[in-house]
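Asker: sequence unknown, structure follows:
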């Protein structure tokens, strides 16, 4: 029997327990940061610090959403969800995007109110120390979440990591603003910094919404991944695959969903075609990672003219359309 075509996997398979631990870390860190920021905001009277505390409350809600979603997404398919629950992670990422936008609105409203009504800030040294600590914590936790998101392909963890990176970035702005207020005594800088924080937050929220929306409307996989699928099918030409078309591939959470029509040489028995199709499914999974591959078996006379497959390197190889 011909050995399987060797090909490096593009992604490691998802690890549910790894995702759950990462989401739990995010929840715990946000609880700590909320307490620290609210204390610092009350002690100093800084609207920028209170805005940061409000943003951490939204971060906590987002982290809880991510934690719940990664647990739910890994549940097996059931009667009401025959395709599984994977898109719950994409819904969670979209919810996080909305929460980020809501947070930016809250920050902007409070900053404008303080600019109009005025206000004093004091004991800024304490506030500066707290905000510096939160920056370090957020960067560390977001790095862990981003690494776990890459390992598992989790959009919920990816969204949570982006959320925390944005929080750290805006915290840097708040830190700079508090230092300037302490040095210059210009209290109006505090709400101005809060408005700048709100503007920075909007960008991340919009990006998360757009990325999640592309998956929820079943956008095709990136061209690089489609090319991997086509190359894998072509590598099976020596095993009797003579053509393929109607290649469709999309994402649902961490999983790729692939289906296509594959034609086999005239004279191939149903058993032979069935076995080869299963081997092709396994080969595609090895290349993509977590994938659900459905192959519709067809005879050679269904090959579309100009798309015939030949063994790699044979004269006149057909284009890899698969359309």
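Answerer: Perfect, thanks for sending it. Just so we're clear, the structure is a prediction, and the values are computed from it rather than from any experiment. Numbering: from 1, shown residues only.

Asker: so what are the domain limits for the protein?
Answerer: Following automatic domain parsing, one finds the domains of the chain at 16-216, 223-302.

Asker: end to end on stretch 262-274, go ahead and measure it.
Answerer: 11 Å (CA to CA, to the nearest Å).

Asker: and the contacts of it?
Answerer: Residues from elsewhere that reach stretch 262-274 (CB atoms under 8 Å, 6 or more residues apart in numbering): 233, 240-244, 276-277, 280, 295-303. Placement of C-beta: from N, CA and C, glycine included.

Asker: any low-confidence regions in the stretch 151-300 of the chain?
Answerer: The stretch 151-300 of the chain contains residues with pLDDT under 70 at 215, 217, 254.

Asker: mind checking the SS state of the nearest residue to residue 46 once chain neighbours are set aside?
Answerer: Spatially, and ignoring its direct neighbours in sequence, residue 46 is nearest to residue 121 (4.9 Å; CB to CB, 6 or more residues apart in numbering). Of the three states, residue 121 takes coil under DSSP: H, G, I helix; E, B strand; the rest coil.

Asker: center of this structure - which residue?
Answerer: Geometric centre of the chain, nearest residue: residue 155, 2.6 Å, by CA atoms, centre = their mean.

Asker: that residue and residue 278, how far apart?
Answerer: 29 Å (CB to CB, to the nearest Å).

Asker: how far does stretch 183-196 stretch from start to finish?
Answerer: 19 Å.

Asker: hey, where'd the strands end up in the protein?
Answerer: Using DSSP state E, the strands of the chain run over 241-252, 255-264, 291-299.

Asker: format the ones you listed as a markdown table; extra columns: distance to residue 137.
Answerer: Formatted as a markdown table, the strands of the chain follow (distance: least, CB to CB, whole Å):
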| stretch | distance to residue 137 |
| --- | --- |
| strand 241-252 | 31 |
| strand 255-264 | 32 |
| strand 291-299 | 36 |
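
Asker: quick one: closest of the ones you listed to residue 101.
Answerer: Evaluated over the strands of the chain, closeness to residue 101 peaks at strand 241-252, with 23.4 Å, by CB to CB.

Asker: find the nearest non-adjacent residue to residue 57, please.
Answerer: Nearest to residue 57 is residue 34, by CB to CB, 6+ apart, at 5.8 Å.

Asker: give me the neighbour count for the one you found.
Answerer: Residue 34: 20 surrounding residues under other CB atoms under 10 Å.

Asker: now stretch 130-146: buried residues?
Answerer: For stretch 130-146, burial by neighbour count (16 or more other CB atoms under 10 Å) applies to 130-131, 133-135, 137-139, 141-142, 144-146.

Asker: ok, so of the residues you listed, who is nearest residue 69?
Answerer: Distance to residue 69, by CB to CB, is smallest for residue 145 among these, at 13.5 Å.

Asker: and the gap between the closest one and residue 289?
Answerer: Note on residue 145: its distance to residue 289, by CB to CB, is 19 Å.

Asker: check residue 137 too.
Answerer: Noted for residue 137: a distance of 31 Å to residue 289, by CB to CB.

Asker: returning to that earlier point: can you pull the contacts of the residue nearest to residue 57?
Answerer: By CB under 8 Å, 6+ apart, the contact list for residue 34 reads 53, 56, 57, 60.

Asker: residue 174: what's it in contact with?
Answerer: Neighbours of residue 174 in contact, by CB under 8 Å, 6+ apart: 48, 49, 51, 52, 131, 193, 194, 197.

Asker: give me the contact list for stretch 97-114.
Answerer: Contacts of stretch 97-114 (CB under 8 Å, 6+ apart): 47-48, 50-51, 54-55, 58, 61-62, 65, 159, 163, 166, 190-192, 194-195, 197-199, 201-202, 204-209, 212.

Asker: filter those residues down to the ones in helices?
Answerer: Judged by DSSP state H, helices contain the following of these: 47-48, 50-51, 54-55, 58, 61-62, 65, 159, 163, 166, 190-192, 194-195, 197-199, 201-202, 204-209, 212.

Asker: and these, which are buried?
Answerer: In these, burial by neighbour count holds for 47-48, 50-51, 54-55, 58, 61-62, 65, 159, 163, 166, 190-192, 194-195, 197-198, 201-202, 204-205, 208-209, 212, counting by 16+ other CB under 10 Å.

Asker: of the contacts of stretch 262-274, just the buried ones, PyMOL syntax please.
Answerer: The PyMOL selection below is limited to those of the contacts of stretch 262-274 classed as buried (16+ other CB under 10 Å):
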select buried, resi 233+240+241+242+243+244+276+277+280+295+298+300+302+303
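
Asker: which two among the buried residues of stretch 130-146 are spaced furthest apart?
Answerer: Across the buried residues of stretch 130-146 (CB to CB), the longest gap, 24.3 Å, separates 130 and 146.

Asker: want to try TSV for the domains of the chain, with distance to residue 309 as columns?
Answerer: As requested, the domains of the chain are exported to TSV (distance: least, CB to CB, whole Å):
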stretch	distance to residue 309
domain 16-216	29
domain 223-302	4
